[in-house]
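# 3D model of this:
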Amino acid sequence: MTHQRLDPKERQKAIMDAAIDLANLIGFEKLRRENVARQAGVSASLVSRHWGTMTKLRRGIMREAIQREELKIIAQGIVLRDKQALKVSANLKERALASL
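Reported below is the predicted structural model:
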């Protein structure tokens, strides 16, 4: 059986998709590099290679959540005083908080 290696951009997207799914499942605040890696089926070091620190990974997750309008994650970010989450429009903020 041959194993085809994903393009780095595709792999990064797959990791981000897994992180968004996990944030919706267990909560944005509970995310850890290791559980994101496990969810994506990759090593924690690969997650680190793409984002470096957990701060940068969380920032990326929140930006992606805002772009996708993942209301539950945005609402958690607002409650946690995440800088990106606090910058969303009043309408998106209201919808996100109503989703709690």
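
# What segments of this protein are helices?
Ranges of helices in the chain, per DSSP state H, are 8-26, 33-40, 44-51, 54-68, 71-79, 83-86, 90-98.

# what's the fourth one packed up against?
Okay, so that is helix 54-68. Here helix 54-68 touches helix 8-26, helix 33-40, helix 44-51, helix 71-79, helix 83-86, going by 3 or more C-beta pairs under 8 Å, 6 or more residues apart in numbering; DSSP states H and E. Where C-beta positions appear, they are placed from N, C-alpha and C, glycine not excepted.

# Name the residue closest to the centre of this protein, please.
The structure's the chain has its C-alpha centroid closest to Ile61; by C-alpha atoms, centre = their mean the separation is 2.7 Å.

# what's the spacing between the nearest residue to it once chain neighbours are set aside and Gly60?
Setting aside the residues directly before and after it, Ile61 is nearest to Ala19 in space (C-beta to C-beta, 6 or more residues apart in numbering), at 5.1 Å. As judged by C-beta to C-beta, to the nearest Å, Ala19 and Gly60 stand 8 Å apart.

# ok, the two, which is more surrounded?
Taking neighbours as other C-beta atoms under 10 Å, Ala19 and Gly60 compare with Ala19 leading, 27 against 17.

# Cheers, nothing more for now.
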